[in-house]
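In: my questions are about this predicted structure, shown below with the sequence.
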Amino acid sequence: LDDQQTIYYSCGETLAAAKGIPAVELATLKGYDVLYLTDEVDEFVMKTLMTYNEKKIMSVLEENNGLVSDEDVKKAKEQTENAKELLDFIKTALDGAVSEVALVGSLKNFAAALNTKGGITLEMEKYFAQIPGDEAQKPKAQRVLEINAAHPVFERLKIFYESDREKAEKLAEILYCQAT
């Protein structure tokens, strides 16, 4: 951690879950150490701390965390725009399970990952769900299905989208299930 400018962390219910988040792969491939956190309040604590010994504290899942180059971000945005019709189809096929579907360049060996946008993460949502009270009043994460544009599964999804929408819908559901 001495050479790192940013302290990266990953939260999960178990150590295996925290290590299994696809964004961890990118951080470790770049040679960064990652803190694995498994207590329910860890995410809240890390968001509150923000820095330690003049180093930023960031989740591996945060946007603009320095793990993905600006060039890769730009390329992914272009790919997302070019595949907008397909991505809208996937969102509709998932029937409200996600607020957005996007192509990303940060997934190396994974076909898809579930991330969030906004201030509420999946781990925070789980914490809030345990608190007694009206479910409608509890904060919910805005789920984003991130798809690896370079993965063979995405190529197959594009083929099915053009030739067999029912198969494309089923493959979209499988990708979502794999990402969760």
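Out: Yep, that arrived. All of these numbers come straight from a predicted model, not from anything done at the bench.

In: helices or strands next to the helix or strand bottoming out on mean pLDDT in the chain in the packing?
Out: Ranked by mean pLDDT, DSSP states H and E, the weakest helix or strand in the chain is helix 122-130, scoring a mean of 78. Applying 3 or more CB pairs under 8 Å, 6 or more residues apart in numbering; DSSP states H and E, one finds that helix 122-130 contacts helix 42-49. C-beta here means a position set from N, CA and C on the backbone, and glycine is covered the same way.

In: ok, back up a step: how about the least confident helix or strand of the chain: buried residues?
Out: Across helix 122-130, burial judged by 16 or more other CB atoms under 10 Å covers Leu122, Glu123, Met124, Glu125, Tyr127, Phe128.

In: okay, Asp39: pLDDT?
Out: Per-residue confidence (pLDDT) for Asp39: 88.

In: for it, what are its contacts?
Out: For Asp39, no residue meets the contact criterion (CB atoms under 8 Å, 6 or more residues apart in numbering).

In: phi, psi for the residue nearest to the spatial centre of the chain please.
Out: Ranked by distance to the mean C-alpha position of the chain (CA atoms, centre = their mean), the top residue is Asn115 at 2.5 Å. Here is the backbone geometry of Asn115 (degrees, to the nearest 10): phi -130, psi -180.

In: now the strands for this structure?
Out: For the chain, applying DSSP state E gives strands covering 6-11, 34-37, 51-52, 55-59, 100-104, 112-117, 142-148.

In: which one, of those, ends up nearest to Glu71?
Out: Among these, the nearest to Glu71 by CB to CB is strand 100-104 (13.3 Å).

In: one step back: I figured the residue nearest to the centre of the chain hits Ile147, correct?
Out: No. With contact defined as CB atoms under 8 Å, Asn115 does not count as touching Ile147 (11.0 Å).

In: thinking again about what came up before, which ones are touching the residue nearest to the centre of the chain?
Out: Ala23, Leu61, Arg143, Val144, Glu146.
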